[in-house]
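Visitor: Okay, predicted coordinates and the sequence, questions at the end:
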Amino acid sequence: MLRALLSIIFILGVAPIASAQDAGAPVEIDRSATGGAQTLEDILRRQRGESIDDSFRSNNIGGDATSVPGLGPLGGASDPELWRALRYNKADITVSDNTEVGKVLVQDGGMRWYQFRQGPLAQYGGWLLLGTMALLLVFFVLRGRVRIDAPATGRTVTRFASFERMTHWMLAGSFILLGITGLLVLFGRMFIAPVFGKEANSVILIASKWVHNNVSWAFMLALVLVFVMWVRHNLPNRTDLVWISQFGGIVGKKHPPAKKFNAGQKMIFWSVIVLGGSISVSGLSLLFPFELPLMGKTFTLLNDWGVPGWIGMAPLDTALTPQEEMQLTSLWHAMVAFVLMAIIIAHIYIGSVGMEGAYDAMGSGEVDEAWAHQHHSIWLDEVKAKQGAAPKDATPAE
Ligand code: HEM
């Protein structure tokens, strides 16, 4: 009987709290008993890992016995109060090196950065790459290799000159090294340390960081060269619409006409330029810590344009500490890199196993006319017209 009674009291007491939390509704906490200071419920909620609106503390700095009569919630000026001001970056302090970086004595955002990096960033990023590879595998099994329909002509045309190929491989080689070393730095503690030990992990990560920092210059240089070399071939035009409407001939048997680059390749090009550019800029900011802070400025611009409002968000906080600048930059750098890595995995697939004859374009630079006619018919005609030969359909050599 007593047990039943206790159960009912327990259910009546706990259920409303649980259902309000399940619904995600913020639970108003009554702090009148503590005069506005922390309550037991605050502590319990923090221990349960629930998110807390702690503005009741962060906005409550500077009270003392005079401003809060009768020793109110804050009491007299006290150590906890000083620590709170330090934690929320509101204390007026002087440090010996007198820099903004040095003035941040307690770094409140560090834990949030660490948890996001080890949690959602690593998890979703890892799954994005594995998922892309799995999808490509399924696509390969279902669709098979894109074959050249007509027999080889034995005649070749130059698709990329040696400088273009050298630049492409500089971009590709550096990107792959940056990708691998970046992933090692992110996942080393999770996967290398438990298997090979912390010492080995440390050596591998120090080497990875060195390679990552130094190879980045090759990537940035190649990115600029690729942009200058190919931008004019990547401006959108009407043939792209035809190409897209026919799914680029990848699904189905039709092969839509294309100039030097088709719409799919243009998407790859612009992804590499825009995302690679963003990775480069954020990378430079990380390479020279605290000297090129970009996040606060970017957030100010976004707020000015009203971007957060478009998705129902409050304006972004632009008063970032130098440390927060670096933390947000590092997360942005990694997130964009994950997206570009997924895109590049698809590019590598189509440029190698996915399409017969494609690799030659970047390998030797020479492609068979049958391949060129199938995938870039307008470009082939242009090349042949330039060479003085009348444009003609690719017919097999005897
Ligand atoms: C082993 C890796 C790679 C292979 C096998 C590969 C292969 C190729 C091939 C065959 C082409 C020419 C396609 C054609 O003739 O139309 C090409 C073009 C291109 N590649 Fe790569 N590539 C690789 C890595 C990369 C990486 C890492 C990047 C950039 C970070 C990149 C960026 C580009 C761009 C922007 C183009 C021109 C647009 C396009 O064709 O999609 N490639 N690649």
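Guide: Thanks, I have it. Residues are numbered from 1 along each chain as shown.

Visitor: A helix includes Ala157, no?
Guide: Not quite, residue 157 is Val, not Ala. No: counting by DSSP: H, G, I helix; E, B strand; the rest coil, Val157 falls outside a helix, being strand.

Visitor: From Glu366, how far out is it?
Guide: According to CB to CB, to the nearest Å, Val157 and Glu366 sit 7 Å apart. No exception for glycine: its C-beta is placed from N, CA and C like everyone else's.

Visitor: ok, residues contacting the helix or strand containing Leu286?
Guide: Using DSSP states H and E, Leu286 falls within helix 263-287. Residues outside helix 263-287 that contact it (CB atoms under 8 Å, 6 or more residues apart in numbering) are 171, 175, 213, 216, 219-220, 223, 226-227, 230-231, 234, 236, 239-241, 243-244, 248, 250, 261, 292-294, 325-326, 329-330, 332-333, 336-337, 339-340, 343-344, 347, 350.

Visitor: so does it get close to the ligand?
Guide: Yes: counting by CB under 6 Å from any ligand atom, the ligand is contacted by helix 263-287 at Gln265, Ile268, Phe269, Val272.

Visitor: Kindly indicate whether Pro256 is helix, strand or coil.
Guide: coil.

Visitor: Let me see the contact set for it.
Guide: Thr239, Val242, Trp243, Ser245, Gln246, Gly248, Gly249, Asn262.

Visitor: can I get those residues in a markdown table with distance to Ile311 and secondary structure?
Guide: Below are the contacts of Pro256 laid out as a markdown table (distance: CB to CB, whole Å; DSSP: H, G, I helix; E, B strand; the rest coil):
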| residue | distance to Ile311 | secondary structure |
| --- | --- | --- |
| Thr239 | 35 | helix |
| Val242 | 34 | helix |
| Trp243 | 32 | helix |
| Ser245 | 31 | helix |
| Gln246 | 34 | coil |
| Gly248 | 32 | helix |
| Gly249 | 37 | helix |
| Asn262 | 33 | coil |
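
Visitor: Wasn't Leu320 part of a helix?
Guide: No: under three-state DSSP, Leu320 falls outside any helix and is assigned coil.

Visitor: and the closest residue to it other than its chain neighbours, what helix or strand is that in?
Guide: In space, and not counting its chain neighbours, Leu320 is closest to Gly296: 4.6 Å by CB to CB, 6 or more residues apart in numbering. Using DSSP H and E, Gly296 sits within helix 295-305.

Visitor: List the buried residues of that helix.
Guide: Met295, Gly296, Thr298, Phe299, Leu302, Asn303 (16 or more other CB atoms under 10 Å).

Visitor: Likewise for stretch 119-128?
Guide: Leu121, Ala122, Gly125, Gly126, Leu128.

Visitor: gap between that stretch and the chain center?
Guide: Distance of stretch 119-128 from the chain centroid (CA atoms, centre = their mean, to the nearest Å) equals 10 Å.

Visitor: and what of stretch 254-267?
Guide: 27 Å.

Visitor: CA atoms only: put that stretch into CSV for me.
Guide: Taking Å, rounded to 0.1, in the frame of the first residue of the first chain, the C-alpha atoms of stretch 254-267 are listed here in CSV:
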residue,chain,number,x,y,z
LYS,A,254,22.3,9.5,-74.4
HIS,A,255,25.5,11.6,-74.4
PRO,A,256,24.6,15.3,-74.4
PRO,A,257,26.9,17.7,-76.3
ALA,A,258,29.5,19.6,-74.2
LYS,A,259,32.3,22.1,-74.6
LYS,A,260,35.6,21.7,-72.8
PHE,A,261,33.9,21.1,-69.5
ASN,A,262,30.3,19.8,-69.0
ALA,A,263,27.9,21.1,-66.4
GLY,A,264,29.0,18.3,-63.9
GLN,A,265,32.6,19.3,-64.3
LYS,A,266,31.7,23.0,-63.8
MET,A,267,30.0,22.1,-60.5
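
Visitor: Excluding chain neighbours, what is closest to the residue nearest the centre of the chain?
Guide: The C-alpha lying nearest the average C-alpha coordinate of the chain belongs to Met335 (CA atoms, centre = their mean; 1.5 Å). Closest residue to Met335 apart from its sequence neighbours, by CB to CB, 6+ apart: Leu121 at 6.7 Å.

Visitor: got it, and Glu325?
Guide: Pro293 (4.1 Å).

Visitor: residues touching that neighbour, list them.
Guide: Here Pro293 is in contact with Ser285, Leu320, Pro322, Glu325, Met326, Thr329 (criterion: CB under 8 Å, 6+ apart).

Visitor: Show me how the chain divides into domains.
Guide: 34-92, 109-160+235-386 (automatic domain parsing).

Visitor: Let me have those domains in a markdown table, extended by distance to Glu100 and mean pLDDT.
Guide: Supplementary listing: the domains of the chain in a markdown table, determined by distance: least, CB to CB, whole Å; pLDDT from 0 to 100:
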| stretch | distance to Glu100 | mean pLDDT |
| --- | --- | --- |
| domain 34-92 | 10 | 73 |
| domain 109-160+235-386 | 5 | 95 |
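
Visitor: Can you say which of these is packed in most?
Guide: Mean neighbours per residue, mean count of other CB atoms under 10 Å, is largest over the domains of the chain for domain 109-160+235-386, with a mean of 16.

Visitor: rewinding a little: just put the domains of the chain in CSV and tack on distance to Ala200.
Guide: Below are the domains of the chain laid out as CSV (distance: least, CB to CB, whole Å):
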stretch, distance to Ala200
domain 34-92, 33
domain 109-160+235-386, 20
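
Visitor: ok, back up a step: what is the distance between the helix holding Gly296 and the centre of its chain?
Guide: Distance, centroid of helix 295-305 to centroid of chain: 19 Å (CA atoms, centre = their mean).

Visitor: which residues are in contact with that helix?
Guide: Pro308, Pro315, Leu316, Asp317, Thr318, Ala319, Leu320, Glu324, Glu325, Leu328, Thr329, Trp332.

Visitor: rewinding a little: ok, the residue nearest to Met335 - contacts?
Guide: Per CB under 8 Å, 6+ apart, neighbours of Leu121: Leu186, Leu331, Ala334, Met335, Phe338.

Visitor: change it to 7 Å
Guide: For Leu121, the contacting residues are Leu331, Ala334, Met335, by CB atoms under 7 Å, 6 or more residues apart in numbering.
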